[in-house]
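Peer 1: Here's a sequence, model it:
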Amino acid sequence: MSNPSEAEQGLTRRSESIASFDHQMTLLSRVQHALHSNPALVPLIVLVFSVIVFGALLGTKFFSSFAMTLILQQVAIVGIVGAAQSLVILTAGIDLSVGAIMVLSSVIMGQFTFRLGMPPAVAIACGLVVGTFIGFVNGWLIARVKLPPFIVTLGIWQIALATNFLYSGNETIRAQEIETQAPLLQFFGKSFTLGGAVFTYGVIFFIVLVLVLAYVLRHTAWGRHVYAVGDDPDAAALSGVNTKRILISVYMLSGLICAFAGWVLIGRIGSVSPTSGQSANIESITAVVIGGISLFGGRGSIMGMFFGALIVGVFSLGLRLMGADAQWTYLLIGALIIAAVAIDQWIRKVSA
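Peer 2: Residues are numbered from 1 along each chain as shown. Modelled structure (predicted):
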């Protein structure tokens, strides 16, 4: 048998070099693949780590049924609005009007009940319809007129906010009036005890909403189309997905969810105030980004947003119990936002 040629020997050495390189990259590839396949993994790890740290520092003061349920109550509204924001961001869009839709819907529910004399159930239905309609306007302008989501929702945010103050006359409907005349408006503020922990119906709605959306996005054709539109709208259209219809339906569902958040907001604060929930826009985006949902669309999960909202709640309560200045919360949350975006970029770069 003849000896191998120099070319064959060189090819062998190169193959061995490539094999050695692949072997060296195995751990990194596995980590990247795990994070790419399970976008909620990073926020879950951060959540568990933060709970352990604050638990070690505060002991039973933090590890109590009261503290745990208080975190859920604090993040319920942000989480519900965050669920609406998640749907939009999964399509590579953004909705700056979510907070304004929430507040306007709550004002309509209250004003229709007390100013127009409608039955509370009818007024609530009107608020839900208005929220859905505003979402439809957002979706139609973005999908049909081809306007940028940022510009459209920024404009709708201003319009909804102005309508809110003009219609309400900057008038707050007090909790005592609602409690005696229209208690249905405060439904999501009612609570019950389970195993020593106190849960409000608003918290239960938040958890159920997350579970339902997680199932829909993962196991239905509509959910797969949402991801497809966010990942590559042109490829989705070529494969038969009606991208315009998907976008409009996403913004309509987002508006409806925000309207429900308005109803939950009434239960949370007890009153109907046109000035409440002003920071919901930024807080919802914070929960989404920390939750590992990519701002470039097409990747992430509602469960990740759920963990992201809980992270914000854990940091806020933990630092408050430690007596730290509130600014430390903003500092740490800001660092988490930058880290979350950096991790997302790294995952996309390695995946390419």
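Peer 1: hang on, residue 134 packs against residue 156?
Peer 2: Yes. Under the criterion of CB atoms under 8 Å, residue 134 makes contact with residue 156 at 6.4 Å. Every C-beta, even on glycine, is put in place using the N, C-alpha and C of the backbone.
Peer 1: more neighbours, those two?
Peer 2: residue 134 (29 against 22; other CB atoms under 10 Å).
Peer 1: Geometrically speaking, which residue is the centre of this protein?
Peer 2: residue 82 (2.5 Å; CA atoms, centre = their mean).
Peer 1: Could you verify my assumption that it touches residue 303?
Peer 2: No. The criterion here is CB under 8 Å, and residue 82 misses it with residue 303 at 11.7 Å.
Peer 1: what's the overlap in contacts for these two?
Peer 2: Residues touching both residue 82 and residue 303 (CB atoms under 8 Å, 6 or more residues apart in numbering): residue 291.
Peer 1: Name the residues contacting each of residue 134 and residue 156.
Peer 2: By CB under 8 Å, 6+ apart, residue 134 and residue 156 have these common neighbours: residue 97.
Peer 1: Doesn't residue 277 belong to a helix?
Peer 2: No. Residue 277 is assigned coil when assessed by DSSP: H, G, I helix; E, B strand; the rest coil, not a helix.
Peer 1: ok, and what's touching stretch 126-145?
Peer 2: Residues contacting stretch 126-145 (CB under 8 Å, 6+ apart): 93, 95, 97, 101-102, 104-106, 108-109, 112, 118, 147-149, 152-153, 156, 160, 243-245, 247-256, 258-260, 262-263.
Peer 1: Among these, which lie within helices?
Peer 2: Among those, the members found in helices (DSSP state H) are 101-102, 104-106, 108-109, 112, 149, 152-153, 156, 160, 243-245, 247-256, 258-260, 262-263.
Peer 1: List only buried entries from these.
Peer 2: 101-102, 104-106, 108-109, 112, 149, 152-153, 156, 160, 243-244, 247-256, 258-260, 262-263 (16 or more other CB atoms under 10 Å).
Peer 1: what are the ranges of the strands in the chain?
Peer 2: Using DSSP state E, the strands of the chain run over 191-194, 197-200.
Peer 1: Which helix or strand in the chain has the lowest average pLDDT?
Peer 2: helix 6-24 (a mean of 50; mean pLDDT, DSSP states H and E).
Peer 1: right, and residue 90 touches residue 226 too?
Peer 2: Yes. With contact defined as CB under 8 Å, residue 90 counts as touching residue 226 (5.5 Å).
Peer 1: Kindly provide the distance from residue 283 to residue 323.
Peer 2: 23 Å (CB to CB, to the nearest Å).
Peer 1: nope, residue 90 is what I was after
Peer 2: 39 Å.
Peer 1: Could you check which of those two has the larger neighbour count?
Peer 2: Neighbours were counted for residue 90 and for residue 323 using other CB under 10 Å; residue 90 has more, 25 against 6.
Peer 1: Check the gap between that one and residue 290 for me.
Peer 2: From residue 90 to residue 290 the distance is 16 Å (CB to CB).
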